[in-house]
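Undergrad: here's a sequence, model it:
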Amino acid sequence: MAAKSRKAGIFFGEYDGKRGVFALTPEAAIEALKKSFRFGDPAECEYALGNTWAQTEDEVGWRIREEVLDVYDIVVELSLTGGRGHVLWTCPFCKRSLSDDCYEGASFPMLFRCGCGGKEKYLIGNLA
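TA: Numbers count the residues shown, from 1 in each chain. Alright, predicted model coming up:
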């Protein structure tokens, strides 16, 4: 059976049109962005894009943008030991088993992305 999609807002942290992070809320996107290696001074880190926020549409800097996209609901498993571990999930399209880092206190649902088939697919994972 094919995975069934629904529409949901996904929030992207972007710098000059380049995406850095994605999340289910604007607050989560900002938090993830501030922890990302892409947020920083390019003179100090070769992977950083910048550390300023755009105040207008014409300015270069980080901004949070929402896109309404197709998402797919999946069931995930949580494996924690000593307060840290992994969220285990399977892409319903390519059938690969994947994992993402997770820490005690993480909240669900969580947003995942798989680029199988050459197209990004966004998956919303909940515990069984």
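
Undergrad: contacts only, for Leu88.
TA: With contacts defined as CB atoms under 8 Å, 6 or more residues apart in numbering, Leu88 is in contact with 76-79, 97-99. Where you see a C-beta, it was placed from the backbone N, CA and C, and this is true even at glycine.

Undergrad: recalculate using a threshold of 6 Å.
TA: Residues counted as contacts of Leu88 (CB atoms under 6 Å, 6 or more residues apart in numbering) are 77, 99.

Undergrad: buried ones in the strand or helix carrying it, by neighbour count?
TA: Under the criterion DSSP states H and E, the helix or strand holding Leu88 is strand 84-90. Applying a neighbour-count criterion of 16 or more other CB atoms under 10 Å, one finds 85-87, 89-90 buried in strand 84-90.

Undergrad: mind listing what it pairs with, with the direction of each?
TA: Using DSSP bridges, the neighbouring strands of strand 84-90 in the sheet come out as strand 62-81 (antiparallel), strand 97-103 (antiparallel).

Undergrad: kindly confirm my reading that Glu27 forms part of a helix.
TA: Yes - going by DSSP: H, G, I helix; E, B strand; the rest coil, the assignment for Glu27 places it inside a helix.

Undergrad: Ile64 versus that one, what's the distance?
TA: For Glu27, the distance to Ile64 under the criterion CB to CB, to the nearest Å works out to 9 Å.

Undergrad: more crowded one of those two?
TA: Ile64 (19 against 11; other CB atoms under 10 Å).

Undergrad: identify the bridge partners of Cys114.
TA: When bridges are assigned using DSSP bridges, the partners listed for Cys114 are Lys121.

Undergrad: my error: substitute Ile10 in the last question.
TA: Per DSSP bridges, the residues bridged to Ile10 are Glu67.
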